[in-house]
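Student: Sequence first, predicted coordinates after that:
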Amino acid sequence: MQITNSKCNPKQERVVQQLLEQVQLLSQKFDSSKAILVSQNNIKFDFKLAREAIVSQTSRASEMKGETCVICLEETKADRMFVMDKCLHRHCYPCVNQLVEVKLRNGTVPTCLDYECKLKLSLENCFKVLKPKVIELWKHMMKEESIPLAKRIYCPYINCSTLMSKTEISRSNKSNDRACIKCSGLVCIDCKVPSHSDLSCAEYKKLHPDPVLDDLTLKLLANDQKWANVSSVDT
């Protein structure tokens, strides 16, 4: 109304004209629309709503705009890019999942995917972008690292191989046999093998003089079982 009556200054007129053009473009997306005259008291409120609508449209367009992942060189939506907290390097979700999984399988702590950046990733930081199987791998590695090497016990039963700590399964009794926390199979926590109630630990160790080799074999079995368990998680 003010424009019609030539009561706006040139600067105000340009702003209003821009807003009207935006409104006209937006109105074309509706099945029907009509202009409603409002009182002078409501003009500021209407301007505020119009500006917020334009900002909202601009932000949404920015989110939908593609961005190239420097790892796979694929075009990805901006809201599907993972951003590191400190270094701010950006990579697509699939690349983050794949490279984090490779690091975990190799027994190393995942770091930023950028070639020259060594900043360590954290599960908390990556949780929302990782697949369930990768999260399980990371949790397993964290548990393994939290248990001192001398106190680590892998269930010796091939179909289980669960990682435990001596303190987790210790009981105040005379026997060295403990039940696995997962499969309930009896384990000798001194020899780290299935219960050998017919032999003392000393007798058993005489028959198996190479515990390092036995431990390595068991660790390999545990790793195989761990990957099998993780693979069964819904991806």
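Tutor: That came through, no problem. Remember, predicted model here, so these are calculated numbers, not experimental data. Residues are numbered from 1 along each chain as shown.

Student: any idea how the protein splits into domains?
Tutor: Listed by automatic domain parsing, the domain ranges of the chain are 1-25+40-64, 67-142, 151-231.

Student: Quick one: mean pLDDT for the last one?
Tutor: Spelled out, that is domain 151-231. What domain 151-231 shows for mean pLDDT is 74.

Student: With stretch 126-136 instead?
Tutor: On average, the pLDDT along stretch 126-136 is 90.

Student: Endpoints of that stretch, how far apart?
Tutor: End-to-end distance of stretch 126-136: 13 Å, with C-alpha to C-alpha, to the nearest Å as the criterion.

Student: for stretch 153-163, same thing?
Tutor: End-to-end distance of stretch 153-163: 6 Å, with C-alpha to C-alpha as the criterion.

Student: Can you give me the buried ones in stretch 132-144?
Tutor: Using 16 or more other C-beta atoms under 10 Å as the test for burial, stretch 132-144 gives Lys133, Val134, Ile135, Glu136, Leu137, Trp138, His140, Met141, Glu144. Where C-beta positions appear, they are placed from N, C-alpha and C, glycine not excepted.

Student: Can you show me the helices along the protein?
Tutor: Secondary structure of the chain by DSSP state H: the helices cover 10-27, 43-64, 93-105, 123-126, 132-146, 166-169, 201-207, 211-231.

Student: Tell me, how many residues neighbour Arg152?
Tutor: Per other C-beta atoms under 10 Å, the neighbour tally for Arg152 reads 17.

Student: Could you do the one 4 residues further on as well?
Tutor: The local packing count at Pro156 equals 22, with neighbours defined by other C-beta under 10 Å.

Student: now, which of the buried residues of stretch 132-144 sits nearest Ala150?
Tutor: Checking the buried residues of stretch 132-144 against Ala150 with C-beta to C-beta, the nearest one is Glu144 at 13.4 Å.

Student: wait, what's in contact with that closest one?
Tutor: Counting by C-beta atoms under 8 Å, 6 or more residues apart in numbering, Glu144 touches Arg152, Leu163.

Student: Now render the buried residues of stretch 132-144 as JSON lines, adding distance to Asn106.
Tutor: Formatted as JSON lines, the buried residues of stretch 132-144 follow (distance: C-beta to C-beta, whole Å):
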{"residue": "Lys133", "distance to Asn106": "16"}
{"residue": "Val134", "distance to Asn106": "14"}
{"residue": "Ile135", "distance to Asn106": "17"}
{"residue": "Glu136", "distance to Asn106": "16"}
{"residue": "Leu137", "distance to Asn106": "11"}
{"residue": "Trp138", "distance to Asn106": "13"}
{"residue": "His140", "distance to Asn106": "14"}
{"residue": "Met141", "distance to Asn106": "10"}
{"residue": "Glu144", "distance to Asn106": "13"}
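
Student: Closest to Ser195 out of these?
Tutor: Of all these, Ser195 sits closest to Glu144, with 23.9 Å by C-beta to C-beta.

Student: Would you mind measuring from Phe127 to Cys201?
Tutor: 43 Å (C-beta to C-beta, to the nearest Å).

Student: out of those two, which sits in the busier spot?
Tutor: Neighbours were counted for Phe127 and for Cys201 using other C-beta under 10 Å; Cys201 has more, 14 against 11.

Student: how much space between the more buried one and Glu67?
Tutor: Taken as C-beta to C-beta, the span from Cys201 to Glu67 is 60 Å.

Student: contacting residues for the closest residue to Ile153 other than its chain neighbours?
Tutor: Residue nearest to Ile153 in three dimensions, not counting chain neighbours: Met164, with 4.8 Å by C-beta to C-beta, 6 or more residues apart in numbering. Neighbour list for Met164: Arg152, Ile153, Tyr154, Cys155, Cys180, Ile181 [criterion: C-beta under 8 Å, 6+ apart].

Student: Appreciated, that's everything.
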